[in-house]
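1. This is the structure alone, sequence omitted:
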């Protein structure tokens, strides 16, 4: 039986196949954050001369890209992006996601918004029937932490401050358990409208376009609207 690390490696390699058609076209790639994305960056290094560079969603990924010899571009200098590749903490059948276990949710959402296509790479343990078993990360301005927490409790959630953690944006994260997420896009909009919230880890208003799910039988490709 393949280990979880081996499955992650399979998903990362599968994502590379979406990059190959754009080599030698001055393409810009978007790169997310996390252990599966780390493996994707490693695979991408072999082809680093075939594209212009990458826009990254975190300082962690930027460092790994540079170590791989891949040019890191400021998103403000990127007019178009061919592809964004990132993982997820939970993924449902409609390709809605919970992200932010690594704390990069806001930058992930920003970089993904520029890309023409979002490819999500996960192992089969991240597939769920309904989002919410994984606590929802909510990035907040420190001044607003308790004000936001009170509203989240009114929504039925149980927010807990992620201790000793500061995001790349200088903010804090509340991890919220106990939520019912039957309508993830509507809930995403509601949380993002709370004053003091920078971003929440629901990716449902704009979820993934394609998911590559690595399991014991290989990598399954799922496209939005066809699951």
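-> Received, thanks. All values reported here derive from a predicted model rather than from experimental measurement. Residues are numbered from 1 along each chain as shown.
2. Number of residues surrounding residue 42?
-> Using other C-beta atoms under 10 Å, residue 42 is surrounded by 15 other residues. In this view, the C-beta of every residue, glycine as well, is placed from N, C-alpha and C.
3. ranges for the helices of the protein?
-> Taking DSSP state H as the criterion, the chain carries its helices at 4-19, 35-44, 59-67, 105-114, 145-154, 184-192.
4. Columns distance to residue 206 on top of the ones you listed, output as JSON lines?
-> Listed next are the helices of the chain as JSON lines, based on distance: least, C-beta to C-beta, whole Å:
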{"stretch": "helix 4-19", "distance to residue 206": "18"}
{"stretch": "helix 35-44", "distance to residue 206": "18"}
{"stretch": "helix 59-67", "distance to residue 206": "20"}
{"stretch": "helix 105-114", "distance to residue 206": "7"}
{"stretch": "helix 145-154", "distance to residue 206": "22"}
{"stretch": "helix 184-192", "distance to residue 206": "9"}
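5. What are the boundaries of the strands in this protein?
-> Shown for the chain, the strands assigned by DSSP state E span residues 28-31, 53-56, 83-86, 90-91, 97-98, 118-123, 136-140, 158-161, 172-177, 197-200, 202-203, 210-215, 218-223.
6. so which of these comes closest to residue 16?
-> Comparing those by their distance to residue 16 (C-beta to C-beta), the top pick is strand 83-86, with 9.0 Å.
7. who's in contact with the closest one?
-> Strand 83-86 has contacts (C-beta atoms under 8 Å, 6 or more residues apart in numbering) with 15, 18-19, 22, 27, 29-34, 37, 40, 57, 99, 108, 111-112, 114-121.
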